[in-house]
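**Q** Please work out how this folds:
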Amino acid sequence: MSIIHRIAVVGPESCGKSTLSAQLAASMQAQGMRAAHVPEYARDYYAHRPYQVAMSDIEAIARGQLQAEQAAARQYDWLICDTTVLTCKIWAEVAFGQASPALLQDYRPQDYVLTLLTAADIPWQPDPLRSHPAERDWLLGLYQAELVAVGIDPVLLQGNEQQRLDQAWHAMRQLPQWTDSLPKK
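**A** This next block holds a predicted model:
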C-alpha cells in the first residue's frame with residue numbers, strides 16, 4: 001500500500017482553485033506521477049438541486065468531498081484537492097455563525113502535506129455558486145486566521161495563472177515527500 005499525499009488548494013471564491021488544481025494534477029501525471037485532481041464536490045452536489053444552503057447541505061458537501069478524496073486515494077499517490085472541509089467550515093461560519101459538530105468532526109486540516117491558499121487578486125468570474133464578489137479579501141483573512149489557529153502555514157499564491165502555477169510547483173518541490181515519489185528512471 002502506498003502513502004497518499006494530499007495537497008489542499010483553498011481560498012475565497014473565484015480565485016483560480018479549480019484551474020490550478022487541474023493543472024497541477026495534469027502536470028504531475030505528465031511526469032509519470034500517480035496524481036489526481038479531486039474536484040470541488042459542491043458543484044456535483046448542486047448540479048441537480050436548487051442552490052439553497054442549509055447546514056445539512058454543507059455537511060453533505062463536506063462528506064462528499066472526503067468521499068471523493070478517499071475514492072481517488074485508492075488509485076493515486078498524490079491528490080490535488082480543489083477545496084477541502086476547511087471551505088465548508090468557513091462557509092458554515094459565514095452563513096450560520098458557526099460550524100456544526102458534525103462538520104467539525106470531518107475537519108482534519110493536518111491530513112494535507114501542503115496547503116496552497118489562493119489570493120483574491122484575479123478578476124471575479126460570475127458563477128451561480130458564488131455569492132461574495134466584494135468580500136474576497138475578507139474571506140481570505142478568514143482562511144488565513146483559521147489556518148494559523150490550527151498550526152498550518154499555507155503557501156499564499158498570488159498573481160496571474162502562470163505565476164500561481166510556478167509558486168505552487170516551487171512549494172511542492174520543497175516537500176520532503178516529493179523526491180521519494182518521483183518515478184525511477
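**Q** What residues sit buried inside stretch 37-53?
**A** Buried residues in stretch 37-53, counted by 16 or more other CB atoms under 10 Å: 37, 38, 39, 40, 41, 42, 45, 46, 53. C-beta coordinates here come from the backbone N, C-alpha and C atoms, glycine included.
**Q** thinking the fifth one is in contact with residue 71, fair?
**A** No. Counting by CB atoms under 8 Å, residue 71 is not a contact partner of residue 41; they are 10.9 Å apart.
**Q** any idea where the helices of this structure begin and end?
**A** For the chain, helices defined by DSSP state H occupy the ranges 17-30, 41-45, 55-73, 85-96, 101-106, 136-149, 161-173, 176-181.
**Q** and of those, who's closest to residue 6?
**A** Nearest to residue 6, of all the helices of the chain, is helix 55-73, at 6.7 Å by CB to CB.
**Q** For that closest one, output the C-alpha coordinates as PDB.
**A** In PDB, the C-alpha atoms belonging to helix 55-73 read as follows (Å, rounded to 0.1, in the frame of the first residue of the first chain):
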ATOM      1  CA  MET A  55     -26.200  23.300   7.400                       C
ATOM      2  CA  SER A  56     -27.300  19.800   6.300                       C
ATOM      3  CA  ASP A  57     -26.200  20.800   2.700                       C
ATOM      4  CA  ILE A  58     -22.800  22.000   3.900                       C
ATOM      5  CA  GLU A  59     -22.300  18.800   6.000                       C
ATOM      6  CA  ALA A  60     -23.300  16.600   3.000                       C
ATOM      7  CA  ILE A  61     -20.800  18.600   0.800                       C
ATOM      8  CA  ALA A  62     -18.000  18.000   3.300                       C
ATOM      9  CA  ARG A  63     -18.800  14.300   3.400                       C
ATOM     10  CA  GLY A  64     -18.900  14.200  -0.400                       C
ATOM     11  CA  GLN A  65     -15.600  16.000  -0.700                       C
ATOM     12  CA  LEU A  66     -13.900  13.500   1.700                       C
ATOM     13  CA  GLN A  67     -15.500  10.500  -0.100                       C
ATOM     14  CA  ALA A  68     -14.100  11.800  -3.400                       C
ATOM     15  CA  GLU A  69     -10.700  12.000  -1.800                       C
ATOM     16  CA  GLN A  70     -11.000   8.500  -0.400                       C
ATOM     17  CA  ALA A  71     -12.000   7.100  -3.800                       C
ATOM     18  CA  ALA A  72      -9.100   8.800  -5.500                       C
ATOM     19  CA  ALA A  73      -6.700   7.600  -2.900                       C
END
